[in-house]
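Q: coordinates only, sequence not included:
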């Protein structure tokens, strides 16, 4: 009778979704537990529900009896067509009880509810990382295999996800839709904005176990760890020299090409990197910030101090 009255007394203890029948709740719990007892005889794929396996078998035989009147796309299941039609009409039938967000299909709604519950059922076989969505797992696997199917038509840079390519294209077009609510600075992607926010808050949650240095961004922390571990994945195609960071390789390539983009505003002298330019500018100001710990002699450039330190140590050993 609960089906007729619409009363749903059977609630999932994990995500809060409610059902009119105990059987419906039981089938739903299989999604959370990951139990899949129904296996396809053709491809070996397993499913949590028998009727889902039946629909899957239709895919193998190519039966698509449900066609969209708007765009002509055909589906194996009637309810798949129904969800597809919602895309054309803009109808979102499934509303989240926690935040009010609406979804066009129960699958999208379920994924959204898993986000609230912190459930990540898709695990990577290589590194063990768990992800919420099957599609996200597929993108993650591409990083292990080095698959980058999305290529920028302007600069040729390749990406493993279309959304990342889209953010990259915004950089070329100089489109900056993501604005910082603190200082008003805009960025091409939400990821870059979130990194920027850390500069205001000063939050550094990634700490190096070796030297104790802290970082705001996981990416910067990973690059720092590569220095300790001696990992040099960025190699020069010309001389074979390896670098821990891509930016280091980029600066190194300028030594081969002779490109000097960093120009001194005082004398016009050009350099291959910002570091060399900064050291040069100090010579104009005669700022001597680099002091010897042995004799306290000061130098304008760190490289000059390093050469001096070698000579100074040798002198001390002779005494």
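A: Okay, I see it. Since the model is a prediction, treat every value here as computed from it, not as a measurement.

Q: Where do the domain boundaries of this structure fall?
A: 2-99, 122-201, 206-283, 288-318 (automatic domain parsing).

Q: got JSON lines for those, with mean pLDDT too?
A: Shown next, in JSON lines, are these (pLDDT from 0 to 100):
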{"stretch": "domain 2-99", "mean pLDDT": "78"}
{"stretch": "domain 122-201", "mean pLDDT": "80"}
{"stretch": "domain 206-283", "mean pLDDT": "82"}
{"stretch": "domain 288-318", "mean pLDDT": "79"}
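
Q: Now render these as CSV, adding distance to residue 109.
A: Bear in mind the C-beta positions are built from the backbone N, C-alpha and C, glycine included. Output for those, formatted as CSV (distance: least, C-beta to C-beta, whole Å):
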stretch, distance to residue 109
domain 2-99, 4
domain 122-201, 13
domain 206-283, 30
domain 288-318, 58
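
Q: Residue 106 is nearest to which of these?
A: domain 2-99 (6.1 Å; C-beta to C-beta).

Q: hang on, the earlier thing: mind checking which of the domains of the chain is nearest residue 113?
A: Here domain 2-99 is closest among the domains of the chain (C-beta to C-beta), at 4.3 Å.

Q: Please confirm that residue 136 is located within a strand.
A: No - note on residue 136: no strand contains this position according to DSSP: H, G, I helix; E, B strand; the rest coil, which reports helix.

Q: Pull the contacting residues for the residue nearest to it when sequence neighbours are not counted.
A: Nearest residue to residue 136, sequence neighbours excluded (C-beta to C-beta, 6 or more residues apart in numbering): residue 122, at 7.2 Å. Neighbour list for residue 122: 130-134, 136-137 [criterion: C-beta atoms under 8 Å, 6 or more residues apart in numbering].

Q: Now do residue 122 against residue 141, distance only.
A: 10 Å (C-beta to C-beta, to the nearest Å).

Q: try residue 24
A: From residue 24 to residue 141 the distance is 33 Å (C-beta to C-beta).

Q: Strands of the stretch 1-150 of the chain, residue ranges please.
A: If DSSP state E, counting those that start in this stretch is used as the criterion, the strands of the stretch 1-150 of the chain fall at 10-11, 18-19, 38-39, 46-47, 66-67, 74-75, 94-95, 102-103, 122-123, 130-131, 150-151.

Q: chain center to the top helix by length along the chain, what's the gap?
A: What stands out as the longest helix in the chain, according to DSSP state H, is helix 302-318. Between the centre of helix 302-318 and the centre of its chain there are 45 Å (C-alpha atoms, centre = their mean, to the nearest Å).

Q: So which elements touch it?
A: Packing partners of helix 302-318 (3 or more C-beta pairs under 8 Å, 6 or more residues apart in numbering; DSSP states H and E): strand 290-291.

Q: hmm, who's touching the strand it packs on?
A: By C-beta under 8 Å, 6+ apart, strand 290-291 touches 297-302, 304-305.

Q: Helices along the stretch 201-319 of the chain, start to end?
A: Along the stretch 201-319 of the chain, the stretches classed as helices by DSSP state H, counting those that start in this stretch are 218-229, 246-257, 274-285, 302-318.

Q: Stretch 56-72: end-to-end distance?
A: Using C-alpha to C-alpha, to the nearest Å, the end-to-end distance of stretch 56-72 comes to 21 Å.

Q: surely residue 75 meets residue 58?
A: No - under the criterion of C-beta atoms under 8 Å, residue 75 makes no contact with residue 58, lying 9.6 Å away.

Q: Quick check: neighbours shared by those two?
A: With C-beta under 8 Å, 6+ apart as the test, residue 75 and residue 58 both reach residue 64.

Q: Compare those two and say which one has the larger neighbour count.
A: Neighbour count, other C-beta atoms under 10 Å: between residue 75 and residue 58, residue 75 has more, with 18 against 14.

Q: Pull the contacting residues for the more buried one.
A: Counting by C-beta under 8 Å, 6+ apart, the residues that residue 75 touches are 64, 66-68, 81, 84.

Q: so how far is residue 64 from it?
A: 6 Å.

Q: what's the answer for residue 312, then?
A: From residue 312 to residue 64 the distance is 81 Å (C-beta to C-beta).
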